[in-house]
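1. Make a model of this:
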Amino acid sequence: MRLSDCFKRFASALLLALYATFAHIAGASAEAQGTGTRDARPFEMIRSLQVLQEQIAQGNSHALRAQRSLLVKMDRDFFNMPADMWQEPRNARAAVVHLLSGGHPRVMRKLLTLEPAPAVDRRLLEASLAYVEGREEDMLGLLEDIDPLDLPAGLGGHVALVKAAPYIRTDPARAMQLLQVASLLMPGSLVEEAALRREVFVAGMMADVDRFRVLSIRYLRRFRSSVYAGDFRRRFALALDTLGFVKSEDKFALLDPVLHEFDADSRRGLYLRLARSALLAGHLNVARKATGEALLLAVEGTREHEILKIYLAATRLDPEMITANRDLLWSVDPQMLSDQDRAVLDGVYVVLNSVRHFPEPPDNVIGEFNVASSMKDPEQRDWVTADMDLAEALLGRTGKAFELRGDAK
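-> Numbering: from 1, shown residues only. Below is the predicted model:
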């Protein structure tokens, strides 16, 4: 086990131990005051949850498992707490945060039936339940007049994050504003991590290249190890296809500082994706640069390396490169390619054969390079003449004769 993994596991265990100790002390204090409970109060448990979530945002998978255990305990404890516990505003706000952090909705349903009601704006209780139940229109109506900046930061960040969700499709600019508020109110938290991921996606939707670049770098520098970084990489790759970075060398150059923030494996995959997109779109200069960057990171003998050799040949179609391209393409192992990759390889052969025949082939060169795969016979053979049948039979006999002599391999 690596030292970093050991440290993360130790940190998670320590956090849970601290939580248990804190809960015991809080319970003993409550018992001394005659409240009759030995459990931590809701707002204290939320603090423990947020500490775990900060660890999750930094990539601690053990903290993710610990969070699940803690949420199960909170579901049970919150549901069984006496009604007067929710007359404390901090506890009532904690119930909203609990639900928006993955808590069970049955707790909120119970709180909405209490008399007197919990000491927090009822719209927040109802809106949080509407959100987790997928009733976005109801949620937006309830939160319409509630400004997240008017709420305590720990609650306002969650409210801004969920309020932004429906606007991503209908009003991206409004969604971006709310996501920025969420990041501002809860820096370093899982809320900021989630908000930044969504901001990158929204910037791509808005075709805002500069903001996309800035937000991507910010995310990678703050949360590159997040448990949810895979979702960021997926969104980032999709945005590359829509923002047109392969259309010009100048625009492609804007990506360089962003891509170098990624780890080597991710960077190689992104350059490969860009090379293919540029090649298929006919932007050969960009395809050549992306292919070159990917080749620096690729490992020989892998499928990616074989594909990149095809891309490299496709980007250097000058007649002077005919021999080098021929040798490069002949070194490609077709067995490592998918059907789509073989189609690209065949297409490159066709283009190269066209180049070498126009305006004229190089000296001492006759015929064409073989394509990567053989064409199958058409289903209908009515085009075959008697002479063609005879020629095919003679070729077959000749082949068998060579085999008998041991000259054929």
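
2. Name the next helix or strand downstream of the helix or strand of the chain with the lowest mean pLDDT, please.
-> When each helix and strand of the chain is scored by mean pLDDT, DSSP states H and E, helix 3-32 comes last, with a mean of 46. For helix 3-32, the succeeding helix or strand toward the C-terminus, using DSSP states H and E, is helix 42-57.

3. which intervals of this structure have sub-threshold pLDDT?
-> Applying pLDDT under 70 to the chain flags residues 1-39, 356-381, 383, 406-409.

4. Quick check: phi and psi on the most centrally placed residue in it?
-> Central residue of the chain (CA atoms, centre = their mean): R234, 2.3 Å from the mean position. When quoted as degrees, to the nearest 10, the phi and psi of R234 stand at phi -70, psi -50.

5. ok, residues contacting stretch 247-261?
-> With CB atoms under 8 Å, 6 or more residues apart in numbering as the test, stretch 247-261 has contacts from 209, 213, 216-217, 220-221, 224, 240, 244-246, 267, 270-271, 274, 278, 281, 283, 285-286, 289-290, 293. Every C-beta, even on glycine, is put in place using the N, C-alpha and C of the backbone.

6. What's the ChimeraX syntax to select whichever of the residues you listed are buried?
-> Here is the ChimeraX command that picks out the buried ones among these, judged by 16 or more other CB atoms under 10 Å:
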select :209,213,216,220,224,240,245,246,267,270,271,274,278,283,286,289,290,293
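
7. So which of the contacts of stretch 247-261 are in helices?
-> With helices taken from DSSP state H, the overlap with these comprises 209, 213, 216-217, 220-221, 240, 267, 270-271, 274, 278, 281, 285-286, 289-290, 293.

8. what's the closest non-adjacent residue to A275?
-> Sequence neighbours aside, A290 is the residue nearest to A275 in space, at 3.8 Å (criterion: CB to CB, 6 or more residues apart in numbering).

9. quick one: contacts for the one you found?
-> Going by CB under 8 Å, 6+ apart, the list of residues near A290 reads 246, 252, 271-272, 274-275, 278.

10. Tell me the one among the residues you listed nearest to A324.
-> A275 (18.5 Å; CB to CB).

11. Distance check, the closest one against F78.
-> Here the criterion is CB to CB, to the nearest Å. By it, A275 lies 52 Å from F78.

12. Same question for E144.
-> Distance from E144 to F78, counting by CB to CB: 27 Å.

13. Which one's more surrounded, those two?
-> Under the criterion of other CB atoms under 10 Å, the comparison of E144 against F78 puts F78 first, with 25 against 10.

14. Tell me the helices and strands packed up against the helix or strand containing the more buried one.
-> F78 belongs to helix 61-80 when assigned by DSSP H and E. Secondary-structure packing of helix 61-80 (3 or more CB pairs under 8 Å, 6 or more residues apart in numbering; DSSP states H and E): helix 3-32, helix 42-57, helix 89-100, helix 105-111.

15. Could you rerun that using 6 Å?
-> Helices and strands in packing contact with helix 61-80 are listed as helix 3-32, helix 42-57; criterion 3 or more CB pairs under 6 Å, 6 or more residues apart in numbering; DSSP states H and E.

16. Return the angle between stretch directions for the helix or strand containing G230 and helix 42-57.
-> Counting by DSSP H and E, the secondary-structure element that holds G230 is helix 229-242. Note on geometry: by axes from the mean of the first three to the mean of the last three CA atoms, to 10 degrees, helix 229-242 and helix 42-57 are set 60 degrees apart in direction.

17. In helix 229-242, which residues are buried?
-> Of the residues in helix 229-242, 229, 232-233, 235-236, 239-240 count as buried by neighbour count, 16+ other CB under 10 Å.

18. can you list contacts of it?
-> The set of residues external to helix 229-242 that reach it, using CB atoms under 6 Å, 6 or more residues apart in numbering, is 197, 200-201, 204, 219, 266.

19. so how far is it off the chain centroid?
-> For helix 229-242, the separation from the chain centroid amounts to 5 Å (computed by CA atoms, centre = their mean, to the nearest Å).

20. Buried residues in the very next helix or strand once past that helix, which are they?
-> The helix or strand immediately downstream of helix 229-242 is helix 249-253, counting by DSSP H and E. Residues of helix 249-253 classed as buried by neighbour count (16+ other CB under 10 Å): F252.

21. Dump helix 249-253 to CSV, restricted to CA.
-> Output in CSV follows, covering the C-alpha atoms of helix 249-253 (Å, rounded to 0.1, in the frame of the first residue of the first chain):
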residue,chain,number,x,y,z
GLU,A,249,-3.5,26.8,-34.5
ASP,A,250,-4.0,30.0,-32.5
LYS,A,251,-7.1,28.6,-30.8
PHE,A,252,-5.4,25.3,-30.2
ALA,A,253,-2.5,27.1,-28.6
